[in-house]
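# Sequence plus predicted model, see below.
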Amino acid sequence: MIYLDNNATTRVAPEVFEAMRPYLTALYGNPSSAHTFGRNMRLAVERAREQVADLLGAADTNEIVFTSCGSESDNWAIGGFLEQNPTRRHIITTHVEHEAVRNLCTHLAEIGCEVTWLEVNQSGELDLEHLRQALRPDTGIVSVMMANNETGVVFPVEEIGKLVRENSNAVFHVDGVQAVGKIPINLRQWPVDLFSLSGHKFHAPKGIGALYIRDEVKLPPFIIGGGQEQGRRAGTEAVPYIVGLGAACELAKNFDEHANILGLRNRLEDEILATIPHARLNGTQNRNQRLPNTSNISFEYIEGENILRHLDEAGICVSTGSACNSDSQEVSAVLSAMNVPYTAARGSIRFSLGRYNTADEIDYTLSALPGIIKQLAAMSPPQGELKAS
Ligand code: PLP
């Protein structure tokens, strides 16, 4: 199997698994217990908190709270802020957020909040002037992702944070789920108040995430119960998963490995665009503003689902957009927001590489893909008919 779907999820790194193993077997104590066995679990949790804080460049380890996933972190950041500040009901976000933010904001609009949706251009970039104009005295929270899960387009969160600070009293939340482990982050320096991450996107297991909460920002607890996580999220800590997240952060600090991923991604992308007719890149051409591992490419007039199936039969795993909507026939909301024509948006494939991909795998993909596209193009309805539909 050739796995080119690392934005959907990643393999647990062997180093991460080894770090977790003792906590799944012999070291099963409860970090809240007063005996030595329990206190050692507490030490493991706090060590992991330091590792997460270090990767994010957080000023204080207490700014990191463990959660179960990225969606929980996003929901807590935005929903918690509104619960704490019920009169500041104006939210600003973008049309290209992950469902965890987009669907939450749609729901909040239905129950009385006012949401301003920022648009992106055809390259998937944000119009910062629109953001400046949208900021108001009653704006409570601005939520913008750092890197887009479908296209890999990276938003300038430091610049956005400055704009928010200079023009409003709003709190700034960043969905950093796709950015962590792929590009450097420095929350000590950046004007970001809340930052979400998810372990399974960078080689920790599924079921663990974190929310960075800047020291000055107060959120009500996400789960009410015992005093875990300083009373901010009750429930006995998932020690093995927390240890795994810490180990994954340690691993991700080695950004040299990203040069390898970048090289493979660039070769894959360049060759596809150069050799396959009607292939077009979705997202900015400027590779400095895109994640090093992601290429979203449309094969015009062909259905992405069919390409996915044929690649799957060839042993290659890709995605037609975000994993959450890969069963639906609808065109991706992200590509729609970018005004990608229908005939291209339906034929979009996301290739997302990771630390375990090899040059041979890219060669194999590049040898299998042109034949699949040629075969499907021959079977696809005439271009006029597709356009009409
Ligand atoms: N935010 C972004 C940008 C994502 O890509 C994802 C997952 O794909 C999430 C949030 C949700 O993360 P999780 O699957 O951990 O809930």
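Great, that's in hand.

# contacts and neighbour counts: CA atoms only from here.
Noted.

# residues from the chain in reach of the ligand?
Taking C-alpha under 6 Å from any ligand atom as the contact definition, the chain meets the ligand at 8, 69-71, 98, 100, 148-149, 175, 177-178, 198.

# Please state the backbone phi and psi of residue 176?
phi -100, psi 20 (degrees, to the nearest 10).

# again, but for residue 98
Main-chain dihedrals, residue 98, degrees, to the nearest 10: phi -60, psi 160.

# what do you get for residue 312?
Phi and psi for residue 312, reported as degrees, to the nearest 10, are phi -60, psi -40.

# what separates residue 18 from residue 165, distance-wise?
Using C-alpha to C-alpha, to the nearest Å, residue 18 is found at 43 Å from residue 165.

# okay, the two: which has more neighbours?
Just comparing residue 18 and residue 165: by other C-alpha atoms under 10 Å the higher neighbour count belongs to residue 165, 15 against 12.

# Buried only: go through the residues of the chain next to the ligand for me.
Among the residues of the chain next to the ligand, those classed as buried by 16 or more other C-alpha atoms under 10 Å are 8, 69-71, 98, 148-149, 175, 177-178, 198.

# Next up, phi/psi of residue 174, please.
phi -120, psi 130.

# which stretches of this structure form helices?
Counting by DSSP state H, the chain has helices at residues 14-24, 36-56, 70-84, 99-110, 128-134, 157-167, 228-231, 239-252, 256-275, 304-313, 333-337, 342-345, 359-379, 383-388.

# Check these for me and report the most buried one.
Greatest average neighbour count among those goes to helix 239-252 (a mean of 26), per mean count of other C-alpha atoms under 10 Å.

# How far off centre is it?
Helix 239-252 has its C-alpha centroid displaced from the chain centroid by 17 Å (C-alpha atoms, centre = their mean, to the nearest Å).

# which strands and helices sit next to it?
helix 14-24, helix 36-56 (3 or more C-alpha pairs under 8 Å, 6 or more residues apart in numbering; DSSP states H and E).

# will you turn the ones you listed into CSV that also has distance to residue 295 and mean pLDDT?
Converted to CSV, these look like this (distance: least, C-alpha to C-alpha, whole Å; pLDDT from 0 to 100):
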stretch, distance to residue 295, mean pLDDT
helix 14-24, 26, 98
helix 36-56, 25, 98
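
# So which of those is nearest residue 247?
Of all these, helix 14-24 sits nearest to residue 247, with 5.3 Å by C-alpha to C-alpha.

# Show me what that closest one is packed against.
Where contact means 3+ C-alpha pairs under 8 Å, 6+ apart, helix 14-24 is packed against helix 239-252.

# how far does stretch 161-177 stretch from start to finish?
End-to-end distance for stretch 161-177: 17 Å, by C-alpha to C-alpha.

# what does stretch 347-364 give?
21 Å.

# cool, stretch 122-130 as well?
End-to-end distance (C-alpha to C-alpha), stretch 122-130: 15 Å.
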